[in-house]
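Student: Starting from these lines, generate the structure:
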Amino acid sequence: MRIRFFRAAALGISVAAALVPGVLAMPQNLPASSSRAGEERKLAGTWRGDSLCVEKGTACHDEIAVYRIAAIPGKPGYLLVTGGKVVDGKEIVMGTGEWRYDGTKRTLTIDLPRGVITLEADGDKLEGTFTLPDKTILRRITLKKSE
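Tutor: This next block holds a predicted model:
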């Protein structure tokens with residue numbers, strides 16, 4: 001009986017050893033950072049749309065907005081965004097900054113001295129707000145990808 005036990009154990013080890021290369025060769029799930037990088041790449045391009053004032057009759061003016069988004073090599077979780085507006089048919093750059101991308105929430109966010117802009121990605125659409133430090137929503141922003 002003892003001999004059979006060793007033969008069975010030896011057979012078990014041989015089967016396990018034979019399976020190890022197959023298990024190691026099985027495709028593995030891509031890390032979350034790879035899928036996030038793919039999502040970030042989809043956001044790259046030019047986005048155009050409206051930046052509308054929530055409170056009418058204030059110093060705020062409705063604008064046609066243009067956002068140019070690019071990946072930042074070697075810096076996952078951040079995108080370079082250049083924001084501008086169209087005045088008299090000409091694009092005026094308002095600023096450029098590194099925006100945080102949250103792949104779970106699908107949001108782009110930047111903290112500015114005057115408030116926070118947060119945009120949520122939904123396919124070829126970005127929608128969000130410019131919120132002042134006191135939590136007042138100053139603008140509603142709606143953009144569609146044009147390039």
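
Student: so what's Val66 up against?
Tutor: Listed by CB atoms under 8 Å, 6 or more residues apart in numbering, the contact set of Val66 reads 46-48, 83-86, 91. The way it works is simple: take the backbone N, C-alpha and C, and place the C-beta from them, glycine included.

Student: let's go with 6 Å and repeat that
Tutor: 48, 84, 91 (CB atoms under 6 Å, 6 or more residues apart in numbering).

Student: Would you mind putting those into CSV with distance to Asp62, secondary structure and neighbour count alongside?
Tutor: Listed next are the contacts of Val66 as CSV, based on distance: CB to CB, whole Å; DSSP: H, G, I helix; E, B strand; the rest coil; neighbours: other CB atoms under 10 Å:
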residue, distance to Asp62, secondary structure, neighbour count
Arg48, 14, strand, 18
Gly84, 15, strand, 19
Glu91, 16, strand, 15
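
Student: Adding distance to Ala121 and pLDDT, write those residues out as JSON lines.
Tutor: Listed next are the contacts of Val66 as JSON lines, based on distance: CB to CB, whole Å; pLDDT from 0 to 100:
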{"residue": "Arg48", "distance to Ala121": "15", "pLDDT": "98"}
{"residue": "Gly84", "distance to Ala121": "19", "pLDDT": "97"}
{"residue": "Glu91", "distance to Ala121": "22", "pLDDT": "97"}
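
Student: Tabulate these in TSV, adding columns for distance to Arg114.
Tutor: Formatted as TSV, those follow (distance: CB to CB, whole Å):
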residue	distance to Arg114
Arg48	23
Gly84	17
Glu91	21
